[in-house]
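> The following comprises the amino acid sequence and a computationally predicted model.
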Amino acid sequence: MHPLYAQVDRDACIACGLCQMLAPELFDYDANGIASYTPDQNTGSISLTPAQAILFKKAFSRCPTGAIQHSDQPFEPKEKPRR
Ligand code: SF4
């Protein structure tokens, strides 16, 4: 299996809450409802486990804006880590 890294493009998130509902282990949202990928504080630096990948794909396929992103390589650092 290829490595899989995940990140939410918070600028593209419309705070619909779907990813957190579908995969609460992977996504959470801030006071404004904007989601982030929580296992690595939305840095996209830690590869998902196979079990996480299954959950991730559910949320990824349902995100209405494409804000949930994935890559087979770690994401470039672009924002401060979030909790
Ligand atoms: S499903 Fe997409 S648009 Fe909805 S809260 Fe999650 S990242 Fe944001």
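Structure's in. What do you need?

> Kindly report the residues of the chain close to the ligand.
By the rule Cβ under 6 Å from any ligand atom, the part of the chain lying against the ligand is 8, 13-19, 35, 63-65, 67-68. C-beta coordinates here come from the backbone N, C-alpha and C atoms, glycine included.

> For the residue nearest in space to the middle of the chain, which non-adjacent residue is spatially closest?
Closest to where the C-alpha atoms of the chain average out (Cα atoms, centre = their mean) is Tyr37, at 3.5 Å. Once flanking residues are discounted, Tyr37 sits nearest to Ala6: 4.8 Å by Cβ to Cβ, 6 or more residues apart in numbering.

> which residues in the chain form strands?
Ranges of strands in the chain, per DSSP state E, are 5-8, 27-29, 35-37, 68-71.

> Please point out which parts of the last one sit buried.
Taking 16 or more other Cβ atoms under 10 Å as the neighbour-count basis, strand 68-71 is seen to contain the buried residues 68-70.

> For burial, what's the neighbour tally of the residue nearest to Gln52 when sequence neighbours are not counted?
Nearest residue to Gln52, sequence neighbours excluded (Cβ to Cβ, 6+ apart): Leu26, at 6.2 Å. Other residues near Leu26 come to 24 when the count uses other Cβ atoms under 10 Å.

> Leu26: what's it in contact with?
Taking Cβ atoms under 8 Å, 6 or more residues apart in numbering, we find Leu26 in contact with 6, 19, 37-39, 52, 55-56, 59.
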